[in-house]
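Enquirer: Show me how the following folds:
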Amino acid sequence: MTTISIEEAQAKLPDLIHRLHSGDEVVITENNQPVARLVHTAAEPLRKPRQPGILRGSVVYMAPDFDAPLEEFRDYME
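Expert: Numbers count the residues shown, from 1 in each chain. As a prediction, the model looks like this:
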């Protein structure tokens, strides 16, 4: 853990950010009191965008009464 003053952090912020590695931490102080903490975060892996229709044709059977109302809900449907 590295500790630096707020003035030094302002002057070197881009350098501080680029030098951080996983698990590293920089504590920024003002008047010898900690006021902020700079921590490395892991980048999230990029996802491929979704493609519509990619599963088209994968349902090979659908019951003929698939859309029919359920017997248990007949009272609510009337």
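Enquirer: Counting by contacts, list what the host helix or strand of residue 4 packs against.
Expert: Per DSSP states H and E, residue 4 falls inside strand 2-5. For strand 2-5, the packing partners by 3 or more C-beta pairs under 8 Å, 6 or more residues apart in numbering; DSSP states H and E come out as strand 25-30. In short, each C-beta sits where N, CA and C put it, glycine included.
Enquirer: Tell me the strands beside the helix or strand following the strand it packs on, with direction?
Expert: Counting by DSSP H and E, the next helix or strand C-terminal to strand 25-30 is strand 33-39. Under the criterion DSSP bridges, strand 33-39 sits next to strand 25-30 (antiparallel) in its sheet.
Enquirer: State the mean pLDDT of the strand it pairs with.
Expert: Across strand 25-30, pLDDT averages out at 93.
Enquirer: Going forward, count from 15.
Expert: Shifting the count to begin at 15 puts that one at strand 39-44.
Enquirer: tell me which residues of that strand are tucked away?
Expert: 40, 42 (16 or more other C-beta atoms under 10 Å).
Enquirer: Give me the residues contacting the strand holding residue 18.
Expert: In this structure, residues lying in contact with strand 16-19 by C-beta atoms under 8 Å, 6 or more residues apart in numbering are 26, 30, 38, 39, 40, 41, 42, 43, 44, 48.
Enquirer: Quick one: find the helix or strand in this structure with the lowest mean pLDDT.
Expert: Least confident helix or strand, the chain: helix 88-91 with a mean of 80, by mean pLDDT, DSSP states H and E.
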